[in-house]
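Participant: Pasting the sequence and the predicted coordinates here, then a few questions.
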Amino acid sequence: MQRPNLSDLIDQGRGIAPADIVLKGGRVFGLITGDPVETDVAICGDTIAGVFGSYEVWQVIDCAGQIPVPGFIDLHLHIDSSLVTPYEFDSCVGPRGITTAICDPHEIANVCGLTGIRCFLDASAETVMDIRVQLSSCVPSTTWKPRVPGFWRQTLCR
């Protein structure tokens, strides 16, 4: 599905243009209390455009008594420690509802250096799920401390 353009997304989210799809009567978790709150969810293309509003709509999906969840985010993991590639990881966890992963590829970084990190980044960019890669805090795995301030940050940012 093609991403909607920004003006359509904003107009549908504000309720001034009909949303592509509205999930009616479902409950979402309120950001303040964490309690479930009954509301409609407007969707533009493949993106949630708005909640807690009144929306004109092209297509309605009845979600009464249900809690719509767009996808789960795994906030910290080590794909490289699982001994599978980002592609294989994606095919294993995607069907279980995980749409985003924040990963720390410290093992591939320690073993293969920048080449390994670049390979991991390239593979992560080709997956269906959104894989975000953080800079590893334990690279390199050594007690040696460089005398140049910001040495590892500068190296990893290359």
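Facilitator: Here it is on my side, so go on.
Participant: what sits opposite the residue nearest the centre of the chain in the beta ladder?
Facilitator: For the chain, T100 is the residue whose C-alpha lies nearest the centre (Cα atoms, centre = their mean; 3.4 Å). Beta-bridge pairing for T100 (DSSP bridges): I73, D130.
Participant: residue contacts, it?
Facilitator: Neighbour list for T100: G71, F72, I73, D74, M129, D130, I131, R132 [criterion: Cβ atoms under 8 Å, 6 or more residues apart in numbering]. Where C-beta positions appear, they are placed from N, C-alpha and C, glycine not excepted.
Participant: Not counting its neighbours along the chain, what's nearest T127?
Facilitator: D90 (4.0 Å; Cβ to Cβ, 6 or more residues apart in numbering).
Participant: biggest strand in this protein, by residue count?
Facilitator: Secondary structure of the chain per DSSP state E: the longest strand is strand 19-29.
Participant: now the helix or strand following that strand, how far from the centre of its chain.
Facilitator: Along the chain past strand 19-29, the next helix or strand (assigned with DSSP states H and E) turns out to be strand 36-44. Between the mean C-alpha point of strand 36-44 and the mean C-alpha point of its chain there is a distance of 19 Å (Cα atoms, centre = their mean, to the nearest Å).
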